[in-house]
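Visitor: no letters, just coordinates:
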Ligand code: HEM
């Protein structure tokens, strides 16, 4: 009799635990798996990467590549971040709308945004904010730069209502104090400021956009540590012209903005300029880390992974209940 009671209790306990464990595992799998599969099936990011790489060469654009302007788009969409109130950053892609597309700092970037429209049309599941940031990462790699870790999950705003105030991007005619104000508010330190500015190895200034005119290096479609080398190896003089204050080298083929000159005139910045001029591998590594950080400012990219621990937890609870039964 006693045995019967005991085994009935065990049986009930076993049944309850088993049911609970099966429920936990099933719930985890049922809720989590289709969600993860759907997320992954939605956009083929490798195909997007290939398509971006495929549009970079454009003989009729500047030095023959859209790469530099895609990097500038990725930087300007991200560099609006302010850590004090966690606003701005690449999430939202508010540069599609006024007022942001009309900011002086963003002059000329419609070329970059428009060039990505056909890729958005082909892969409609990708958000603009993911596409613009991925554009920068692909362009850097294609121009010989480092592989930069990139994660999807940014979401677009539907209009420009939540655009942050203008004035969060740096001015080219100012020095190190201004650079620190602008980049510290994003959460960067001196080393990261110098690393990120190394992107001026790429591309050029356009009188119609910023007023400045010319490239920083002699190979503006190759990602390299040339900016630091040019800065340190030249004697710079002020260019005589009617444009904004510009430093130029003895050949007058390349230029530096006053903001770039801060990289050699400020002693703490200069320390990193010297390190990166000597050690390109170190520059690539530090740039890749800082650029990923830049593109993820204000983005909550871990949220889509929340189902993975949920599945794992459900399975563990299920297993524990089953073992205890
Ligand atoms: C340090 C502060 C910075 C200042 C003051 C600054 C300023 C400028 C200016 C005035 C231009 C010329 C725009 C034009 O006339 O078309 C430019 C271009 C560019 N900037 Fe910066 N920038 C800064 C930092 C950065 C950073 C952090 C990146 C990327 C990580 C970046 C990437 C670029 C690129 C790739 C271009 C060339 C775009 C093209 O060729 O069309 N810049 N920047």
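Guide: Cool, the structure landed. None of the values given here were measured: they were computed from a predicted structure.
Visitor: can we go C-alpha only for contacts and neighbour counts from here?
Guide: Will do.
Visitor: so how far is stretch 240-247 from its chain's centroid?
Guide: 32 Å (C-alpha atoms, centre = their mean, to the nearest Å).
Visitor: so does it get close to the ligand?
Guide: No: Stretch 240-247 lies out of reach of the ligand by C-alpha under 6 Å from any ligand atom, never closer than 10.1 Å.
Visitor: buried sites along that stretch?
Guide: Neighbour counts using 16 or more other C-alpha atoms under 10 Å place 244, 245, 246, 247 of stretch 240-247 among the buried residues.
Visitor: how about the strands in the protein?
Guide: 204-205, 214-215, 237-238, 247-248, 255-256 (DSSP state E).
Visitor: can I get those strands in CSV with mean pLDDT and distance to residue 127?
Guide: Compiled in CSV, the strands of the chain are given as follows (pLDDT from 0 to 100; distance: least, C-alpha to C-alpha, whole Å):
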stretch, mean pLDDT, distance to residue 127
strand 204-205, 98, 28
strand 214-215, 98, 32
strand 237-238, 98, 43
strand 247-248, 98, 39
strand 255-256, 98, 35
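Visitor: most tightly surrounded among those?
Guide: strand 255-256 (a mean of 27; mean count of other C-alpha atoms under 10 Å).
Visitor: so which bits of the protein are right by the ligand?
Guide: Near the ligand, when you scan the chain using C-alpha under 6 Å from any ligand atom, you find 68-69, 71-72, 75, 170-172, 196-197, 199-200, 202-207, 209-210, 212, 259.
Visitor: now do the contacts for residue 237.
Guide: Each residue near residue 237 by C-alpha atoms under 8 Å, 6 or more residues apart in numbering is listed here: 247, 248, 249, 250.
Visitor: ranges for the helices of the protein?
Guide: Assigned by DSSP state H, the chain shows helices spanning 2-42, 45-55, 67-78, 110-115, 117-122, 128-142, 176-186, 190-197, 226-233, 258-265, 267-278, 280-296, 307-324.
Visitor: looking at those, which one has the lowest mean pLDDT?
Guide: Note on the helices of the chain: helix 2-42 shows the lowest mean pLDDT, a mean of 52.
Visitor: adding distance to residue 276, write the strands of the chain out as a markdown table.
Guide: Shown next, in a markdown table, are the strands of the chain (distance: least, C-alpha to C-alpha, whole Å):
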| stretch | distance to residue 276 |
| --- | --- |
| strand 204-205 | 21 |
| strand 214-215 | 19 |
| strand 237-238 | 23 |
| strand 247-248 | 21 |
| strand 255-256 | 17 |
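Visitor: separation between residue 56 and residue 112?
Guide: 10 Å (C-alpha to C-alpha, to the nearest Å).
Visitor: let me fix that: residue 70
Guide: Separation of residue 70 from residue 112 (C-alpha to C-alpha): 6 Å.
Visitor: between the two, who's got more neighbours?
Guide: Comparing residue 70 with residue 112 by other C-alpha atoms under 10 Å, the one with more neighbours is residue 70, at 28 against 20.
Visitor: surely that one touches residue 139?
Guide: Yes: counting by C-alpha atoms under 8 Å, residue 70 touches residue 139, with 6.8 Å between them.
Visitor: which neighbours do those two share?
Guide: Counting by C-alpha under 8 Å, 6+ apart, nothing touches both residue 70 and residue 139.
Visitor: which one of the strands of the chain lies nearest to residue 49?
Guide: Of all these, it is strand 204-205 that lies closest to residue 49, at 24.2 Å by C-alpha to C-alpha.
Visitor: quick one: contacts for the nearest residue to residue 64 once chain neighbours are set aside?
Guide: Excluding the flanking residues, the one nearest residue 64 by C-alpha to C-alpha, 6 or more residues apart in numbering is residue 58, at 5.0 Å. Residue 58 makes contacts with 64, 65, 66, as judged by C-alpha under 8 Å, 6+ apart.
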